[in-house]
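*Asks:* Turn this into a model:
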Amino acid sequence: MKLTIHGYSTALYATWYYIEELGILFDAGDGVCSNLLGKAGKIKHAFISHADRDHLTGLLQFNQLFAGLKPTIYYPKDSGSFPFLNDFFTKFDPHNKGTNWQAIEDCSIISVKNSMQVEAIENGHVVQPGLLKSLSFKVYETKRKLKSEFVNLHKDELIQIKKQHGDQFLTNEIKRNILSYSGDTPIEDYERYHNSEILIHEATFLTKEETNTKAFKNKHSSLDAVFEMVANIKIDKLILGHFSSRYDQHEIDNEIKKHIQQYNIKIPVHRIPVGKAVKNILAREPIN
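*Replies:* Sure, this is the predicted structure:
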């Protein structure tokens, strides 16, 4: 499946990614509506990874403009900021009604379009024992495929078998992980994103050593750790974002090229420049 992905992601300031064909928004930092304009009205499902302001303040304008289209905003079940926002919107924009606010748990599966589902996965960005505060997300396409032993049967025979035994007897379920979105998170489990066709992953810091100096804050990934993971799993395309604005863009790009060479990365690698929105990310030339 060809996906059109638009996004902006600079640590502390704003992060959002819109997958146009699916009507899905991952996170909703400032500028999501002003960059997408009318396209934002096609967002049916907004998945917010956690309650940091750079990931949710774009909901203010989104709700004001498009609440009447009845979108659903999904958020980690123990994040109290979202019920607070819902209450604020109700009082501040009482004439704009229709948005559905839905708390979700780890491993929740949400159907978003035809054969498409989004799975929520707890991550380690915000660690509060017993509370779910931060999520990553995986998008799956689920279809049924005719079992090999029935491939050469005539159509009428297949219809008869289906009547007698049902569709599941005839077919196998095929589940494809077409996209994974890390949200903000440290690298925790290489298998989490294995076999993702597209992986959108944060890389706030350039080195693991820098993440260690921020151990007292919410946890993030480093660029070197992301590439180490990618070198050990199978993905088809990589999008990197959420870089700290402390870095010059040339410095970031040089580090990306260094790791591509070091780990012999053959897949396309795209990155979101610091302070810039990118339309149709995958249509642009990869950095490698």
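*Asks:* hey, let's count contacts and neighbours off CA atoms from now on
*Replies:* Will do.
*Asks:* hang on, Leu3 in a helix?
*Replies:* No: read with DSSP: H, G, I helix; E, B strand; the rest coil, Leu3 is coil and lies in no helix.
*Asks:* wait, it sits on Glu20?
*Replies:* Yes: counting by Cα atoms under 8 Å, Leu3 touches Glu20, with 7.1 Å between them.
*Asks:* Return the residues in contact with the spatially most central residue of the chain.
*Replies:* Residue closest to the mean C-alpha point of the chain, counted by Cα atoms, centre = their mean, is Tyr181 at 2.9 Å. Tyr181 makes contact with 26, 136-138, 199-201, according to Cα atoms under 8 Å, 6 or more residues apart in numbering.
*Asks:* Regarding Gln168, which helix or strand does it belong to?
*Replies:* In this assignment (DSSP states H and E), Gln168 forms part of helix 167-170.
*Asks:* residues making contact with that helix?
*Replies:* Residues contacting helix 167-170 (Cα under 8 Å, 6+ apart): 146-147, 150, 158, 161-162.
*Asks:* now with 10 Å?
*Replies:* Identification of contacts with helix 167-170 by Cα atoms under 10 Å, 6 or more residues apart in numbering yields 144-151, 158-159, 161-162.
*Asks:* which ones among the contacts of Tyr181 are found in strands?
*Replies:* Residues of these located in strands (DSSP state E): 26, 136-138, 199-201.
*Asks:* For Glu209, state which of those residues is nearest.
*Replies:* Checking the ones in strands among the contacts of Tyr181 against Glu209 by Cα to Cα gives His201 as the nearest, at 18.7 Å.
*Asks:* Just give me the neighbour total for that closest one.
*Replies:* Residues lying near His201 (other Cα atoms under 10 Å) number 24.
*Asks:* and the gap between the residue nearest to Glu105 when sequence neighbours are not counted and Ser134?
*Replies:* Excluding its sequence neighbours, the residue lying closest to Glu105 (Cα to Cα, 6 or more residues apart in numbering) is Lys77, at 5.8 Å. From Lys77 across to Ser134, the span is 9 Å (Cα to Cα, to the nearest Å).
*Asks:* Likewise for Leu146?
*Replies:* Between Leu146 and Ser134 the distance is 38 Å, computed by Cα to Cα.
*Asks:* Among the two, which residue is more densely surrounded?
*Replies:* Applying other Cα under 10 Å to Leu146 and Ser134 shows that Ser134 carries more neighbours, namely 29 against 15.
*Asks:* quick one: the more buried one from Asn218, how far?
*Replies:* 10 Å.
*Asks:* quick one, strands of the stretch 101-250 of the chain?
*Replies:* Remark: strands of the stretch 101-250 of the chain, listed N- to C-terminal, are 109-113, 116-122, 135-146, 171-181, 196-202, 235-241; assignment by DSSP state E, counting those that start in this stretch.
*Asks:* got any residues that touch both of Ser134 and Asn218?
*Replies:* By Cα under 10 Å, 6+ apart, Ser134 and Asn218 have these common neighbours: 52, 124-127, 184-185.
*Asks:* so who does Lys217 touch?
*Replies:* Contacts for Lys217 (Cα under 10 Å, 6+ apart) come out as 125-127, 211.
*Asks:* which residues does Leu131 bridge with?
*Replies:* Gln128 (DSSP bridges).
*Asks:* distance between stretch 54-74 and the chain's centre?
*Replies:* From the chain centre to the centre of stretch 54-74 is a distance of 17 Å (Cα atoms, centre = their mean, to the nearest Å).
*Asks:* make that stretch 26-40, sorry
*Replies:* For stretch 26-40, the distance to the chain centre is 15 Å (Cα atoms, centre = their mean).
*Asks:* So which other helices or strands are in contact with the one helix or strand Phe84 maps to?
*Replies:* Element membership of Phe84 [criterion: DSSP H and E] is helix 81-92. Using 3 or more Cα pairs under 10 Å, 6 or more residues apart in numbering; DSSP states H and E, the elements in contact with helix 81-92 are helix 59-66, strand 72-76, strand 100-104.
*Asks:* Apply 8 Å and report the result again.
*Replies:* strand 100-104 (3 or more Cα pairs under 8 Å, 6 or more residues apart in numbering; DSSP states H and E).
*Asks:* That concludes my questions; thank you for your assistance.
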